[in-house]
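>>> I would like to see how this sequence folds:
(one chain, ligands or ions: 1)
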Amino acid sequence: MTIRTRFAPSPTGFLHIGGARTALFSWAYAKKQGGKFILRIEDTDVERSTPAAVQAIMDGMQWLGLDYDEGPFYQMQRIDTYKKVLQTMLDAGTAYYCYSSKEELEALRETQTLAGEKPRYDGKWRPEAGKTLPQVPSDTPPVIRFKNPQTGVVAWDDLVKGRIEIANSELDDLIIARNDGTPTYNFCVVVDDYEMGITQVIRGDDHVNNTPRQINMLVALGATIPQYAHLSMILGDDGQKLSKRHGAVSVMQYHEDGYLKEAVLNYLARLGWSHGDAEIFNMQQFCQWFDLDHITPSAAQFNTEKLNWLNAHYIKEATSDAISADITQRLAKLNVQVHAEPNLINVLNLYKERANNLNQLAKDIAYFYAVPVANAADVEKHLTDDIKPTLKTLAKQFSTIEWTAEAIHHEINLVVAQYGLKFPKVAMPLRVMLCGIAQSPSIDQVMNILGQKETLARISASLT
Ligand code: GLU
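Predicted coordinates:
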């Protein structure tokens, strides 16, 4: 049997962290099993679905590299299919027309609530052997209800939560088509999971309540019941349900905030799933390891510090070539244009080790391409009048040497010895003049990459 999983977002907003994790697990499971991963857009809520949200979801998946084998299928383009299945069910007697009016149902609900009962449909139009149905009213367009079994239980072995059993007596006869003929949410999911041959439904546990109804409908259609894995929710750093107020909950926001997709993917993979002690692994490894047996049923708590740690790891691990285009774009957002010189690859080689965020990295290296405004406090502290003569001497020397990091270092050492100073006494003001701040990687390497001409120009501008 070919494994077939799906990601079925409702396009009502961006791809958030929880959705991305669901997509990632479904994708990885299909990859691991040599199966197929399907993208289905559940856009039947026409009021809340937007093309922009569809695009945002696709952008998020594309950024993360969650490629799908089939789809995207849009439910709004499948209405005819749902209508056909509705007719099949009406014909088979597993669904029926219900003419109870809105007012009638409201009155019923009120009576039941007052009597302390759980509000539910009274089965007025439910056909039963030997039962005479009321006269069909001419002015009430009917809805279609699913004829849910009234006895027994519906049960499944949830791959995350274990066995779940619900008494059928708890379940109402669900409306599967509105009185304008449009199919309802749970029904479309059932038809699609059936027709798309889904073998594992991996989704958020906010859908646990839908599952018994969906299983009953699948049974009525004669479908093989898929396995279900309901993923627990993700809590914010503060232990509260993840929501907008936690800041970056959209996956693309992480991109904007300077995270590498490798870090986000690795982070999401560990959000509720584990493989021994493994914390750092790439997607190839993940797809080899991933199973549905090691997903924790308890809620996973978001940990920004850990994500930052992974981000630092993956930035270090990335080649400078691999991140240079991304960094060029981030610099452009800072209004800094990258030129051929200084060579960006050399700059990144020098800075990558120290970075834990791509935006920070871009900011840190901007001075190579745009003369920085020196930090006033650093100027006052390091670029003092007493050191300026030394720096002038040094600048003169710099103009004569062959431009290598070793030669630069040697030159600084000579001057330091000549004036009886400590190395930082000279290195710090050099940093302030060249980088704008007193922190940088080794100054000889910075100068080497910055180039002789630019270095001398910046020193001279600072000393006049
Ligand atoms: N469309 C649903 C959602 O976005 C998911 C339905 C499902 O996975 O069955 O929450």
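
>>> which residues of the stretch 51-200 of the chain lie near the ligand?
When proximity is defined by Cβ under 6 Å from any ligand atom, the stretch 51-200 of the chain lies next to the ligand at Val189. Backbone N, C-alpha and C define where each C-beta goes, glycine included.

>>> what about the helices in the stretch 51-200 of the chain?
Defined through DSSP state H, counting those that start in this stretch, the helices belonging to the stretch 51-200 of the chain, from first to last, are 51-64, 79-92, 102-114, 185-195.

>>> the most centrally placed residue in the chain - nearest residue in space that isn't next to it in sequence?
When Cα atoms, centre = their mean is applied to the chain, the residue found nearest the centroid is Val251 (3.5 Å). On the basis of Cβ to Cβ, 6 or more residues apart in numbering, the spatially nearest residue to Val251 that is not a chain neighbour turns out to be Gly60, at 4.2 Å.

>>> contacting residues around the one you found?
If a contact means Cβ atoms under 8 Å, 6 or more residues apart in numbering, then Gly60 has 14-15, 19-20, 250-252 as its contacts.

>>> just the ones of those in helices?
The members of those that map onto helices under DSSP state H are 19-20, 251-252.

>>> closest approach to the ligand from the stretch 301-450 of the chain, which residue is it?
For the stretch 301-450 of the chain and the ligand, the shortest gap (Cβ to the nearest ligand atom) falls at Phe302, measuring 19.0 Å.

>>> neighbours around the nearest residue to Val190 once chain neighbours are set aside, how many?
Leaving aside its sequence neighbours, Val190 sits nearest to Met217 (Cβ to Cβ, 6+ apart; 4.4 Å). Taking other Cβ atoms under 10 Å as the criterion, the count of residues near Met217 is 26.

>>> what about the residue in the chain sticking out farthest from the centre, helix or strand, and which?
In the chain, Gln418 marks the outermost C-alpha relative to the chain mean, sitting 57.7 Å out by Cα atoms, centre = their mean. Using DSSP states H and E, Gln418 falls within helix 405-419.

>>> following that helix, which helix or strand comes up?
Note on helix 405-419: by DSSP H and E, the next helix or strand toward the C-terminus is helix 423-435.

>>> for Asp444, give me its contacts.
405-406, 408-409, 412.

>>> quick revisit: nearest to the ligand among the contacts of Gly60?
For the ligand, the closest of the contacts of Gly60 turns out to be Gly19, at 6.9 Å, with distances computed as Cβ to the nearest ligand atom.

>>> next up, the contacts around that closest one.
Under the criterion of Cβ under 8 Å, 6+ apart, the contact list for Gly19 reads 7, 9, 57, 60, 204, 251.

>>> at 10 Å instead, please
Counting by Cβ atoms under 10 Å, 6 or more residues apart in numbering, Gly19 makes contact with 7-10, 13, 57, 60-61, 203-204, 249-251.

>>> so where's the protein uncertain?
In the predicted model of the chain, residues 248 satisfy pLDDT under 70.

>>> helix, strand, or coil at Phe275?
No, residue 275 isn't Phe; it's His. coil (DSSP: H, G, I helix; E, B strand; the rest coil).

>>> can you get me a residue count around the closest residue to it other than its chain neighbours?
Sequence neighbours aside, Trp289 is the residue nearest to His275 in space, at 4.6 Å (criterion: Cβ to Cβ, 6+ apart). Residues within reach of Trp289, counting by other Cβ under 10 Å, total 17.

>>> same question, Leu268
Using other Cβ under 10 Å as the criterion, the residues surrounding Leu268 number 25.

>>> do the one 5 residues further on as well
Residue neighbour count, defined by other Cβ under 10 Å, stands at 23 for Trp273.

>>> contacting residues around it?
With contact set as Cβ under 10 Å, 6+ apart, Trp273 has these partners: 21, 24-25, 28, 160, 231, 286, 289-296, 300.

>>> tell me who's in contact with the residue nearest to the centre of the chain.
By Cβ under 10 Å, 6+ apart, the contact list for Val251 reads 14-21, 23, 56-57, 59-61, 63-64, 259, 261, 264, 268.

>>> SS state for the one residue in the stretch 201-350 of the chain that gets nearest to the ligand?
Scanning the stretch 201-350 of the chain for proximity to the ligand using Cβ to the nearest ligand atom identifies Arg203 as nearest, at 3.5 Å. For Arg203, the reduced secondary structure class is strand; criterion used: three-state DSSP.

>>> so what's it bridging to?
His230 (DSSP bridges).

>>> what's the first-to-last distance across stretch 115-131?
26 Å (Cα to Cα, to the nearest Å).

>>> hmm, who's touching it?
Looking at stretch 115-131 with Cβ under 10 Å, 6+ apart, the contacting residues turn out to be 93, 96-100, 104-106, 108-113, 133-134, 136, 142-143, 145, 147-148, 150, 169-175.

>>> recalculate using a threshold of 6 Å.
Surrounding stretch 115-131, the residues in contact under the criterion Cβ atoms under 6 Å, 6 or more residues apart in numbering are 96, 98-100, 108-109, 112-113, 172-173.

>>> for ChimeraX, write a command that selects the buried ones of those.
In ChimeraX, the members of the contacts of stretch 115-131 classed as buried (16 or more other Cβ atoms under 10 Å) are selected with the following command:
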select :96,98,99,100,108,173
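
>>> distance check, the residue nearest to Val251 against Ala23.
Computed with Cβ to Cβ, to the nearest Å, the distance linking Gly60 and Ala23 is 8 Å.

>>> and Pro212, by the same measure?
Applying Cβ to Cβ to Pro212 and Ala23 gives a distance of 25 Å.

>>> where do the helices sit along the stretch 251-400 of the chain?
Secondary structure of the stretch 251-400 of the chain (DSSP H, counting those that start in this stretch): helices at 251-256, 261-269, 283-289, 304-317, 320-333, 344-351, 358-365, 376-382, 388-398.

>>> please compute how far the shortest one lies from its chain's middle.
To tie it back to what came earlier, the one meant is helix 251-256. The chain centroid and the centroid of helix 251-256 are separated by 8 Å, computed with Cα atoms, centre = their mean, to the nearest Å.

>>> try the second one
Counting by Cα atoms, centre = their mean, helix 261-269 is centred 9 Å from the centre of its parent chain.

>>> which outside residues touch that helix?
Judged by Cβ under 6 Å, 6+ apart, the contacts made with helix 261-269 from elsewhere in the structure are 20-21, 24, 63-64, 254, 283, 286, 307, 310-311, 314.

>>> sounds good, over and out.
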